[in-house]
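Participant: Build the 3D model from these lines:
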Amino acid sequence: MILLYTTTQAALACAGLVHADGVLAESDAAEVVLDVANQSVTATYRVIYDGDAAELGWILPLFGEIEAIGDGDPDLLADLRERTAPYVAVAEPSSAGCGCSGEADADKAGGRSTEDGTPGVEIIAQGFTGTYEWTAIAADEAQLLSGWFSDQGFVPPPDEDLEHYLGLGATMLAVTITPQDAQTPEEGRNLPPLAVTTRGEGMLRFPSILARSASAPTQRTTVYLRGPDRGVLAEGWTHQDLHEVSGPKGAAPAEVLDDALLALGADRIWARTFAEDHTDGYITRFDLLAPREVHTVDAVFGFEEISEDVHTIIRLGEGSQALLLLLPFVGLGLASRRR
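Facilitator: Take a look at the predicted model:
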């Protein structure tokens, strides 16, 4: 999960999603692509948010060696969203027919210390993607890292969350962006994608714990896993194949699906809504809609050597099951976040 923050000195914490007094930056939906190839993982993140913050950013724990940080490809997310979208099956009457990437060059010195001499904290690398400014930081203790964030005008996650990720050997990535227009439209705003490539252990650990500090009470997450085999939840959370959900004719497909996702998410279960082998690798899609309080452990993804496909159908109405109009539901995901 991605934690938004603003970089004003007057920022105040609000359930872990922080903003300046009188300023709003709230996110309840994210998309993530995890591409696995040659012992490396490229994670592409996209977030939708509401707010009027003049400057905001993300805090991400990274696992393994940083290879590259850059702007993500928005066409990749759009393609995966369309390819993996559920179908809407509407019962008819019986008479009807049917980027710009930068290498993370480390500037290391003996012991941990930033350029301003902050003990116990080390700036591993810094850069600019063309859209985002970023800093990769390592620290000996959560309290020291929290102090560094505060000195820079950031409001960090709670110390216990930082300690969790530092204990796993994570490097913390602080990313900032200044929107051209601070005011966001009613339907929310999509931040440009960010792509991070790492190599080493822990690459498929999704930082779910950060969501328990989010300001929005319910968090929506979609993860696309691309790799050699079908994706699974390997640790922390479980998953369930969502082959079919049903609702009355005329119901909003997004709301019918959300009801099913919420029922699963409350029990810490992701819905596996798509799995299929493609020429560019096996694509597996996972969707989660869950209260922030259940995000007490990270979600760790993996693979299984099973080739059976998974597709989700949203059935509306009680007409003849032989006469169904199948329509790809490409509006699923961030666009359906409001109910």
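Participant: and the gap between the residue lying closest to residue 206 once chain neighbours are set aside and residue 75?
Facilitator: Spatial nearest neighbour of residue 206, chain neighbours left out: residue 299 (4.4 Å); criterion: Cβ to Cβ, 6 or more residues apart in numbering. Using the backbone N, CA and C atoms, a C-beta is placed for each residue, glycine as well. Residue 299 sits 26 Å away from residue 75, going by Cβ to Cβ, to the nearest Å.
Participant: Between these two, point out the one with more neighbours.
Facilitator: The neighbour count for residue 299 versus residue 75, taken as other Cβ atoms under 10 Å, is higher for residue 299 (25 against 9).
Participant: where does the stretch 51-200 of the chain dip in pLDDT?
Facilitator: 51-57, 92-118, 178-190 (pLDDT under 70).
Participant: Hmm, residue 74 is touching residue 191, no?
Facilitator: No: if you go by Cβ atoms under 8 Å, residue 74 and residue 191 don't touch, sitting 10.6 Å apart.
Participant: Quick check: neighbours shared by these two?
Facilitator: Residues touching both residue 74 and residue 191 (Cβ atoms under 8 Å, 6 or more residues apart in numbering) are residue 46.
Participant: Pick out whichever of these two has more residues nearby.
Facilitator: With neighbours defined as other Cβ under 10 Å, residue 74 and residue 191 compare such that residue 191 has more, 23 against 14.
Participant: Residue 214 reaches residue 291, doesn't it?
Facilitator: No: the pair residue 214 / residue 291 is not scored as a contact, 10.2 Å apart, by Cβ under 8 Å.
Participant: more neighbours, these two?
Facilitator: Between residue 214 and residue 291, residue 214 has the larger neighbour count (other Cβ under 10 Å), namely 22 against 15.
Participant: quick one: contacts for residue 164?
Facilitator: Contacts of residue 164 (Cβ under 8 Å, 6+ apart): residue 209.
Participant: phi, psi of it?
Facilitator: phi -60, psi -50 (degrees, to the nearest 10).
Participant: Against residue 233, how distant is it?
Facilitator: From residue 164 to residue 233 the distance is 19 Å (Cβ to Cβ).
Participant: Ok, residue 121 next?
Facilitator: 33 Å.
Participant: before we move on, the earlier item: wait, the residue nearest to residue 206 touches residue 270, no?
Facilitator: Yes: with contact defined as Cβ under 8 Å, residue 299 reaches residue 270; the gap is 7.0 Å.
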